[in-house]
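> the following block contains a protein sequence and its predicted model.
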Amino acid sequence: MTIGLPWDCTVSGVPASLQGSARKRTDWQQRVSTAAAQRWPAQEPPLNQPLALLVAFLHSGQPVDVDNMLKPTLDGLTGVCYVDDAQLEQVIGVRWDLSRTLRLGRLSPILVTAVVRAVSDGAPFVYLRLSPPVELEEMLQ
């Protein structure tokens with residue numbers, strides 16, 4: 001079996017900051033690894049190809065610095081979803097307050113379920129989506 005891209009998952013909670021304590025980073029990386037492993041097909045090895053990753057933190061008034069949340073999250077996916085984070089040709093980090101409008105119609109079912117749960121109970125989460133990288137010209141349009 002091969003992994004169909006895009007692939008996605010969610011991780012409950014506030015992501016650890018690169019500037020946070022080593023324990024918080026390690027705990028977050030483990031949470032990311034566990035959540036990813038639960039969605040990753042059984043017996044399927046990590047991908048070994050160029051990839052793009054979207055890391056979106058959806059919250060209600062709990063902002064974090066986008067750049068500081070990326071590395072601990074990327075490290076948590078290493079060995080589960082990809083062999084090495086050096087395979088990531090593109091990484092997009094997003095912070096989104098759930099008080100803002102978000103049209104659910106075209107979103108992944110995994111993301112829709114997490115958004116509905118987060119809006120009802122106020123619990124923040126991180127959405128992760130792996131996909132093939134896109135050409136630079138497409139990104140610049």
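Structure received. Numbering: from 1, shown residues only.
> which ones are touching residue 129?
Taking CB atoms under 8 Å, 6 or more residues apart in numbering, we find residue 129 in contact with 6-8, 53-54, 56, 108. In short, each C-beta sits where N, CA and C put it, glycine included.
> for residue 25, same thing?
Applying CB under 8 Å, 6+ apart, one finds that residue 25 lies in contact with 16-18, 72, 75.
> going by neighbour count, list what's buried in the longest helix along the chain.
In the chain, taking DSSP state H as the definition, the longest helix is helix 22-39. Residues of helix 22-39 classed as buried: 25, 28-29, 31-33, 35-36 (neighbour count, 16 or more other CB atoms under 10 Å).
> mind giving me the packing neighbours of the helix or strand that it is followed by?
Using DSSP states H and E, the next helix or strand after helix 22-39 towards the C-terminus is strand 51-59. Packing partners of strand 51-59 (3 or more CB pairs under 8 Å, 6 or more residues apart in numbering; DSSP states H and E): helix 66-77, strand 88-97, helix 109-121, strand 125-131.
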